[in-house]
Every structure is written in structure tokens, then in C-alpha cells.
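In: Sequence plus the predicted model coming up.
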Amino acid sequence: MSKLNVLVAGSSGYIGIQLIKLLLKHRNINIKYLCGNSSIGKKISYFDKKINNKKLPKIIKFNENLLNEIDVVFTALPHGEAQEISKKLLKNNILIDLAADFRLEKVSEYIKWYKYRHKAPDKIKDSIYSLPEINGNKLKKQKIISCPGCYPTSVLLPLIPLIKKNIIKTNNIIIDSKSGYSGAGRGVHQKYKGKNLYGSLGAYGVGFHRHNPEIEQMIKKFTNKKLKFLFTPHISPMFRGILSTMYLDLNKNTSTTKVIKILNDFYKKHRFVKILKLNSLLSTNDVINTNYCYISVCKTKYNNRIILLSAIDNLIKGGAGQAIQNMNIMFNFNVIEGLK
């Protein structure tokens, strides 16, 4: 089988680096171009010495002529740049965006939360928000695949099956998420200079983080129900990983055993979501450097309340790995290709 030619735009960021590492292991992929803005002319090994593949091209500036030789464009770029690229796509190009350019279905919501004018509103209809285990079977006819945010991935995977089955109350959900600092990109070191980034835990985006509308939108889309929730993200003194803790009220006649059964039944055919035994302790170490989401259901001192724990690697399951998962589905590759 001939290999797909791939272009990675935003190749020197944390997500871009992780994507390249995974694509190098993919038997069906040829990395044709690496693109960037501030890293033009450099080898990717400059940013990560573990990437020692000498056949990789040097980083160049993106231009639309490159698309003539490309099957898949991966974008891990600042807000708005994937929108610009989307307007230049040729008939044979597929765009897989790891940023937020096509996550929100309403232009008004994008402007409200991202404070940018959407540059390609007419392309939204050609895009699909694809969380592989939830709606990956619907992406094959789309030109633009929008990959979920890392926090929403850790939240939506545990919640969607339970809300669908109507066993938890949806009017007062508390979501507390902690992420490694790689989620903020390479600029995090300068942004937090002098603020003890590597030795402290801090909340940010309290009450109004940009992932709020994404979580709300996708719960409604996938379950047909509205959700009232409070979401607070934290930046942790670790490089990678997300642990989300969700506090839930059960509906009547619901037990923790039933919660676990629903989750197991929902994900029994999905390789990358693992439901642990009741009251299992969970840490980011369990999933680092994997494309897995681990979910644990825990009892509390109240019979009608539970705590859900969800752990992912923000750079893989919350980023590059999920993008490759989507690509594998679209092109009928083995689901684990590049993700072992």
C-alpha cells in the first residue's frame, strides 16, 4: 500500500513534536513537509534530540503550493491559522486540526470565547468535531477534522455514557482538572517566569475557561441534554498529563456497580478507554506516553454521590494521539497504528 504524504504545520511546539514522534512509527505515513514560523531552517532534532531520523525535512514556511503533494495536513498552530489554511485546501487534502479553530459550531461562540473573528466561517460546515470513541464513525466524508481539546477529552469520555443513560443529575456537576504545563505550549516558560512554575500548583481561567463552551456544546450534541457545571483547570508542576476529578449526584436507584457496568458496556469495543475497578486510585503516571484514557468510579460518604477520576496524557490522547486515531479511522488503517 502506498504511503500518505503528510505535512505538519506547527511542528516545533510540544504537540507538533509529539505528533512527529508518533507519525514516524506509522507504517502508512511519509512525513513530506514540516512547517513553522519561528523555526524556519532548523532540523526538528534541534527541539528534541530524541528525534534522530536523518530523512526528516528541515522546517520551512508554509505555502499553498506544498498542498499539491500532500494527502493530510496536521495543524498545531495559534488560533486562526488553520482557518486560513482551510481556505487553500485542494480536493485531495484532508485537514486535521489539533487547535480550536473548528471546535465550536457557532461563529458567535468562537468570537465570544476566543476574541478572534473566524476567518473561514463557510468551512465550518465541512468540518467535524471528532472524539473517536463517540462519533469517529461519522468523519469519513469530512474535509476538516477538529480534534477535541485535552481537558474536554478527559471530561467528555467519562460523562457522555452516564448522561446518555440518565443515571446522573446534570444540573450541578463540578469538574476539577489538573494539567502538566506542556498544555500551555512552549511560551509557558516565559509567561510564568518568576512565578515558580516548576514548584507550585495554580488555578487559571476560573469560571470562564475557553473549554467551557466546547464541553457544553458536545454534551448537548452527543446526549441531547443540557449540562450545568463548573469547570476549573489548574496548571501543575509536571510536564505532561491531565487528571480530571468530577463530582456527581446520582439519580434514584443507581448504584456504583451500575455506573461501572454502563461505562464498561459503552467502551467494551474501544481499545483506548479503560474502566478500572471500583475505588481504584488513579494518577497521570498510569497513562503517560500512551493514548489511553483511564476512568475510575469512586464511592463517597454519601450514597447518592460519586467521584469520577479520569486520566490522560494531554499530548497524546488529548492531542497528537487522538489526531492519529482520527486519521486511522478515516483511512481504514489499523486503530493502533502509530499508537502502540
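Out: Yes, it's here. Residues are numbered from 1 along each chain as shown.

In: show me where the stretch 51-200 of the chain has strands.
Out: According to DSSP state E, counting those that start in this stretch, the stretch 51-200 of the chain carries its strands in the segments 59-60, 72-75, 94-97, 127-129, 144-146, 173-180.

In: now those strands as a markdown table including distance to Tyr110, mean pLDDT and mean neighbour count?
Out: Every residue, glycine included, has its C-beta placed from N, CA and C. Converted to a markdown table, those look like this (distance: least, C-beta to C-beta, whole Å; pLDDT from 0 to 100; neighbours: other C-beta atoms under 10 Å):
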| stretch | distance to Tyr110 | mean pLDDT | mean neighbour count |
| --- | --- | --- | --- |
| strand 59-60 | 29 | 96 | 20 |
| strand 72-75 | 16 | 98 | 27 |
| strand 94-97 | 13 | 98 | 25 |
| strand 127-129 | 12 | 97 | 21 |
| strand 144-146 | 12 | 98 | 26 |
| strand 173-180 | 22 | 97 | 21 |
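
In: Just send these back as a markdown table, with distance to Thr300 too.
Out: As requested, the strands of the stretch 51-200 of the chain are exported to a markdown table (distance: least, C-beta to C-beta, whole Å):
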| stretch | distance to Thr300 |
| --- | --- |
| strand 59-60 | 50 |
| strand 72-75 | 41 |
| strand 94-97 | 39 |
| strand 127-129 | 32 |
| strand 144-146 | 35 |
| strand 173-180 | 12 |
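
In: What about Leu156, how many residues nearby?
Out: Residue crowding around Leu156 was assessed by other C-beta atoms under 10 Å; the count is 24.

In: Next up, the contacts around Lys195.
Out: With contacts defined as C-beta atoms under 8 Å, 6 or more residues apart in numbering, the neighbours of Lys195 are Gly202.

In: quick one, phi psi at it?
Out: Note on Lys195: backbone dihedrals following degrees, to the nearest 10 are phi -110, psi 20.

In: again with Leu4
Out: Backbone torsions of Leu4, given as degrees, to the nearest 10, read phi -80, psi 140.

In: Please enumerate the helices of the chain.
Out: Taking DSSP state H as the criterion, the chain carries its helices at 14-23, 81-86, 107-114, 132-135, 150-164, 188-191, 211-223, 256-267, 321-330.

In: Relative to Met238, which of those helices is closest?
Out: For those, proximity to Met238 was assessed by C-beta to C-beta; helix 188-191 is nearest, at 12.3 Å.

In: Show me the shaky parts of the stretch 1-150 of the chain.
Out: Low-confidence segments of the stretch 1-150 of the chain, defined by pLDDT under 70, are located at 1.

In: how about the helices of the chain, which one is nearest Ser182?
Out: Comparing the helices of the chain by their distance to Ser182 (C-beta to C-beta), the top pick is helix 14-23, with 4.6 Å.

In: possible to save the helices of the chain as TSV with distance to Ile60?
Out: What follows is these, written out as TSV (distance: least, C-beta to C-beta, whole Å):
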stretch	distance to Ile60
helix 14-23	14
helix 81-86	14
helix 107-114	28
helix 132-135	31
helix 150-164	28
helix 188-191	25
helix 211-223	32
helix 256-267	41
helix 321-330	21
